[in-house]
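Novice: Build the 3D model from these lines:
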Amino acid sequence: MKATRLKQRLCIICTPLLFMFGIFTLSVFMSANTEEYIERSTNQMMPTTRHPLIPPYPYEYRFILNEPDKCRREAPFLVIMIIVNSKDSAARHAIRSTWGNESSIPGVSMARIFLTGISPKLTNEIQTMLQEESVTFKDIIQQDFLDTYNNLTLKTIMGMEWVAKYCPQASYVMKIDSDMFLNVDFLVHKLLRPELPVRTNYMSGYIISNTGPLRRKASKWYVPKEVYPKNKYPTYCSGPGYVFSGDVAKKIYDVAQTIQLINMEDSFIGICMDELKISLTKPPPRVFNGHKIKYNRCRFSSLITVHHYSPQRLLEIWPDFQSRNDSECIANKWMVIWNWLW
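Specialist: Sure thing, here's the model as predicted:
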């Protein structure tokens, strides 16, 4: 009887101890295997060769906001492809009300798209704002890369991808930054000219040649040799604004899959054009401006782009620019020449 009770007591005491030992052994085993799995996965997922300034590409970035049917009803003569920060709603609203108005040129079909990424702050407020704009205006194109200065190249390549996939029938594409003044009328009627056959293998803008990467680390445009080893870039169009024929979009998008991206967007597009053996077309003198010029109605009437115009300033000058009289501007020009001669 006493022996039976002793066995029962031993069972009561030992069973929890055995259970605890089993749990401890299992946890040690699982921990070891988990650490091994994490280490193995990390080694597979963490690239060791890509420099931080090289945008991760090629990579299948996903369209978060898109307008796949924007060009389905009518082939646009001109797509205006605007690089914009995800949080900069003021710039988008100003552009829609001024030079980005899709119906501003009678008889010419145009399509406006804003290219953006994901805000680095990852706030619901910014994304909600973009989604609301997308529903209202149907002009937001967004992929799931971070919206940073060093990812500007990704934005432009996204634009090339969008045109190639969803608007391949576009005659021309104008790539432009959001802090620009754009004279769409001069661009369409004086440079591109709808009455002429559509050009192919065409790109024009403020052409930059015989320049190389800046190697100074403190520079905003720093490009180390690990990113681009050559001392000179191929000839390229200045990034704030350039125009190209619709067929070039797919060609640039395709070649971008085969060469290493760099953080300088305009230089990279020049590298792509050089790889494609497509020469840049020199525009008329001084119509593309990469710097700020004081507003003058007559002077701006014979320009295509001017840099560094805030949304507020753009809205201020636009009514006056729209009221310009070409004959008045021509008369003023001759008066200046006459005064200069005498």
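
Novice: how about the strand or helix carrying M273: buried residues?
Specialist: For M273, the element it lies in under DSSP states H and E is helix 265-275. Residues of helix 265-275 classed as buried: 265-274 (neighbour count, 16 or more other CB atoms under 10 Å). In short, each C-beta sits where N, CA and C put it, glycine included.

Novice: swap in stretch 211-230?
Specialist: By 16+ other CB under 10 Å, the buried positions in stretch 211-230 come out as 213, 222-224, 227-228.

Novice: tally of neighbours for the nearest residue to I157 once chain neighbours are set aside?
Specialist: Distances taken as CB to CB, 6 or more residues apart in numbering place A256 nearest to I157, at 5.2 Å, with adjacent residues excluded. The local packing of A256 (other CB atoms under 10 Å) involves 23 other residues.

Novice: And the pLDDT for A256?
Specialist: Per-residue confidence (pLDDT) for A256: 98.

Novice: how close does it get to Y166?
Specialist: In this view, A256 and Y166 are 17 Å apart by CB to CB, to the nearest Å.

Novice: same question, K251
Specialist: Using CB to CB, one obtains 16 Å as the distance from K251 to Y166.

Novice: now E74
Specialist: E74 sits at a distance of 13 Å from Y166 (criterion: CB to CB).

Novice: More neighbours: which of the two?
Specialist: It is Y166, of E74 and Y166, that has more neighbours when counted by other CB under 10 Å, with 21 against 10.

Novice: show me what contacts the more buried one?
Specialist: 66-71 (CB atoms under 8 Å, 6 or more residues apart in numbering).

Novice: can you rerun that using 6 Å?
Specialist: Y166 makes contact with P68 under the criterion CB atoms under 6 Å, 6 or more residues apart in numbering.

Novice: What segments of the chain are helices?
Specialist: Listed in chain order, the helices of the chain (DSSP state H) span 2-45, 89-97, 124-137, 152-166, 184-186, 246-256, 265-275, 297-300, 311-322, 326-341.

Novice: between those, which gets the lowest average pLDDT?
Specialist: For the helices of the chain, mean pLDDT drops lowest on helix 2-45, to a mean of 42.

Novice: how near is R286 to L303?
Specialist: 7 Å.

Novice: So those two - more neighbours on which side?
Specialist: Using other CB under 10 Å as the criterion, R286 and L303 rank with L303 on top: 18 against 11.

Novice: Was I right to think N201 contacts K277?
Specialist: No: assessed by CB atoms under 6 Å, N201 is found out of contact with K277, at 9.2 Å.

Novice: which residues are contacting the helix holding M273?
Specialist: 152-153, 156, 233-234, 236, 238-239, 252, 255, 262.

Novice: Next, the angle helix 152-166 makes with that helix.
Specialist: 50 degrees (axes from the mean of the first three to the mean of the last three CA atoms, to 10 degrees).

Novice: Could you check the angle helix 265-275 makes with helix 246-256?
Specialist: With the same axes, to 10 degrees defining the directions, helix 265-275 sits at 90 degrees from helix 246-256.

Novice: Name the residues of stretch 73-93 that are buried.
Specialist: Buried residues in stretch 73-93, counted by 16+ other CB under 10 Å: 76-89, 91-92.

Novice: okay, how far is it across that stretch, tip to tip?
Specialist: With CA to CA, to the nearest Å as the measure, stretch 73-93 spans 25 Å from end to end.

Novice: Show me how far it is from its chain's centre.
Specialist: Remark: stretch 73-93 is offset 11 Å from the chain centroid, using CA atoms, centre = their mean, to the nearest Å.

Novice: now swap in stretch 216-235 and tell me
Specialist: The answer for stretch 216-235 is 20 Å, by CA atoms, centre = their mean.

Novice: export the contacts of helix 265-275 to TSV and tack on distance to S178?
Specialist: Supplementary listing: the contacts of helix 265-275 in TSV, determined by distance: CB to CB, whole Å:
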residue	distance to S178
L152	12
T153	16
T156	13
Y233	24
P234	26
Y236	20
S238	15
G239	12
I252	21
V255	26
I262	22
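
Novice: Just the buried ones out of these, please.
Specialist: 152-153, 156, 233, 236, 238-239, 252, 255, 262.

Novice: Kind regards, and thank you for your time.
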